[in-house]
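K.L.:
dropping the sequence and predicted coords here.
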There are 2 protein chains.
Amino acid sequence: MATAQKLPRQVNGVAVDDLFSTIDAVKATPSIAKFKFRIHNEWELGSQNKSTVDKYYGTDQQLTHNKPFVLEADEPAVLLGKDEAANPVEHLLHALASCLTTSMVYHAAARGIQIDEVESTLEGDLDLHGFLDLDKSVRNGYQGIRVNFKVKADVPDEKLNEIVQLGTGHSPVFESLSNGVPISVKTERL
Amino acid sequence: MATAQKLPRQVNGVAVDDLFSTIDAVKATPSIAKFKFRIHNEWELGSQNKSTVDKYYGTDQQLTHNKPFVLEADEPAVLLGKDEAANPVEHLLHALASCLTTSMVYHAAARGIQIDEVESTLEGDLDLHGFLDLDKSVRNGYQGIRVNFKVKADVPDEKLNEIVQLGTGHSPVFESLSNGVPISVKTERL
């Protein structure tokens, strides 16, 4: 007796039925797609500070993570720190890598493409002449970032590139960092 | 007997003599200012992946952190994850906050400005219509980020703003994210 073929409920560890339900829910109620992500950072001393990630807004309500996450930052000794945590520009590379990977994995799952393994190595060029005010023609930020993906999946070569392009084509951090984001800064006295 | 006044060796926990020595060293040997920061990311399953931060290049040599730092990423349940770590766009806010703070603290130290406390709260707006391919006019990334600094320092109000502008005016992550960075992506089979 023939039975209707059903999509597997999990592809790449992503609950694809829930993903499609989310898309339907956003179509029905567009406001649930508006998220506000937040962190609170406290300076400790010198190169050391830490952020707490706890609350965010989405699906038309204030939401709270299962537990607060604490993210630390420091600088290595050569940049006058104590080298007890990754530095801010390394955290930026982590944000980029993790977002590209998650975006790729989710969108591959939505298309029923199974991925077995993903690794990426990221490298960014930074010239301190900008930060140190020694040469105004040198930008303060990264001059360029190179991302090298290695993907294991039972697909032809051209499909392998398409899988990675699902990441670059959807990743919020990749798009933010490629095109820039308006950032407003306010100051008050503590 | 009068003695020459000496700069304190530490301002805001920053070894200012070392900071000035670094500037002199860069003037003498410009190539030592060229850094390459790196991370290696491995996908685990679904929304979970982690980056290892270990080696970097600077001062004309390969360098290694005191120990490797592992940075995790996940998504909350409402975004189909297990909520065991901050998500990529929250990591991006941490990169921005930590870089603004460190840049502010270092450049204030170089000017002999003592800062007692710094806190910041960051919030970014993200509309999933972009990520979910539901509206091509909505960007995938942050539509805007608001940074609220609270600074405790024994300075007049106008100086308080100048202190924060030392951060925005020098921070590599702020400049990268404000203006965008060229990102190249390569793919190979694992």
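P.N.:
Looks like it came in fine.

K.L.:
what strand or helix carries the closest residue to A:Arg9 other than its chain neighbours?
P.N.:
Spatial nearest neighbour of A:Arg9, chain neighbours left out: A:Asp17 (5.5 Å); criterion: CB to CB, 6 or more residues apart in numbering or on different chains. Where you see a C-beta, it was placed from the backbone N, CA and C, and this is true even at glycine. Per DSSP states H and E: A:Asp17 is located in helix A:16-28.

K.L.:
repeat for A:Val164
P.N.:
Going by DSSP H and E, A:Val164 is part of helix A:157-168.

K.L.:
contact partners for A:Phe174?
P.N.:
A:Leu96, A:Cys99, A:Leu100, A:Ser103, A:Gly167, A:Thr168, B:Asn140, B:Gly141, B:Ile183 (CB atoms under 8 Å, 6 or more residues apart in numbering or on different chains).

K.L.:
now it, what's its secondary structure?
P.N.:
Per DSSP: H, G, I helix; E, B strand; the rest coil, the local secondary structure of A:Phe174 is helix.

K.L.:
do the same with A:Lys67
P.N.:
strand.

K.L.:
for the one 4 residues further on, same thing?
P.N.:
Reducing the assignment to helix, strand or coil with three-state DSSP, the entry for A:Leu71 is strand.

K.L.:
re the thing from before, arrange the contacts of A:Phe174 in a markdown table, one row each, with distance to A:Val118 as further columns.
P.N.:
Shown next, in a markdown table, are those (distance: CB to CB, whole Å):
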| residue | distance to A:Val118 |
| --- | --- |
| A:Leu96 | 14 |
| A:Cys99 | 13 |
| A:Leu100 | 9 |
| A:Ser103 | 11 |
| A:Gly167 | 9 |
| A:Thr168 | 13 |
| B:Asn140 | 19 |
| B:Gly141 | 21 |
| B:Ile183 | 17 |
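
K.L.:
in strands, which of the residues you listed fall?
P.N.:
B:Ile183 (DSSP state E).

K.L.:
ok, of the contacts of A:Phe174, which one's closest to B:Ala110?
P.N.:
Using CB to CB, A:Leu96 comes nearest to B:Ala110 of those, at 29.6 Å.

K.L.:
check the burial of that closest one by counting its neighbours.
P.N.:
Applying other CB atoms under 10 Å in any protein chain shown, we find 30 residues neighbouring A:Leu96.

K.L.:
for it, give its distance to A:Lys82.
P.N.:
25 Å (CB to CB, to the nearest Å).

K.L.:
likewise for A:Lys159?
P.N.:
46 Å.

K.L.:
so these two - more neighbours on which side?
P.N.:
Ranked by neighbour count (other CB under 10 Å), A:Lys159 and A:Lys82 place A:Lys82 first, with 15 against 12.

K.L.:
pretty sure that one is touching A:Asp74, no?
P.N.:
Yes - with contact defined as CB atoms under 8 Å, A:Lys82 counts as touching A:Asp74 (5.7 Å).

K.L.:
circling back: hmm, who's touching the helix holding A:Asp17?
P.N.:
With CB under 8 Å, 6+ apart as the test, helix A:16-28 has contacts from A:7-10, A:32-33, A:106, A:109-110, A:112, B:80, B:128-129, B:132, B:134.

K.L.:
between all of the residues you listed, which two are separated the most?
P.N.:
A:Pro8 and B:His129 (26.6 Å).

K.L.:
could you dump the contacts of A:Phe174 into CSV and include distance to B:Glu119 and pLDDT?
P.N.:
Shown next, in CSV, are the contacts of A:Phe174 (distance: CB to CB, whole Å; pLDDT from 0 to 100):
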residue, distance to B:Glu119, pLDDT
A:Leu96, 26, 98
A:Cys99, 26, 98
A:Leu100, 31, 98
A:Ser103, 31, 98
A:Gly167, 34, 98
A:Thr168, 35, 98
B:Asn140, 30, 98
B:Gly141, 26, 98
B:Ile183, 31, 98
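
K.L.:
which among the contacts of A:Phe174 count as buried?
P.N.:
A:Leu96, A:Cys99, A:Leu100, A:Ser103, A:Gly167, A:Thr168, B:Asn140, B:Gly141, B:Ile183 (16 or more other CB atoms under 10 Å in any protein chain shown).

K.L.:
quick one: which of those is nearest to B:Arg38?
P.N.:
A:Leu96 (12.1 Å).

K.L.:
these two touch, right, the closest one and B:Ile183?
P.N.:
Yes - between A:Leu96 and B:Ile183 there is a contact under CB under 8 Å: 7.5 Å.

K.L.:
what touches both of the two?
P.N.:
A:Ile145, A:Val147, A:Phe174, A:Leu177.

K.L.:
who wins for neighbours among those?
P.N.:
For the shared contacts of A:Leu96 and B:Ile183, neighbours were counted by other CB under 10 Å; the highest total belongs to A:Leu177, with 29 neighbours.

K.L.:
and that one, what's its pLDDT?
P.N.:
Here the pLDDT value assigned to A:Leu177 is 98.

K.L.:
how about A:Met1?
P.N.:
47.

K.L.:
go on, the one 5 residues further on?
P.N.:
If you check A:Lys6, the pLDDT there is 61.

K.L.:
which of A:Pro8 and B:His129 has more residues huddled nearby?
P.N.:
Using other CB under 10 Å as the criterion, A:Pro8 and B:His129 rank with B:His129 on top: 19 against 10.
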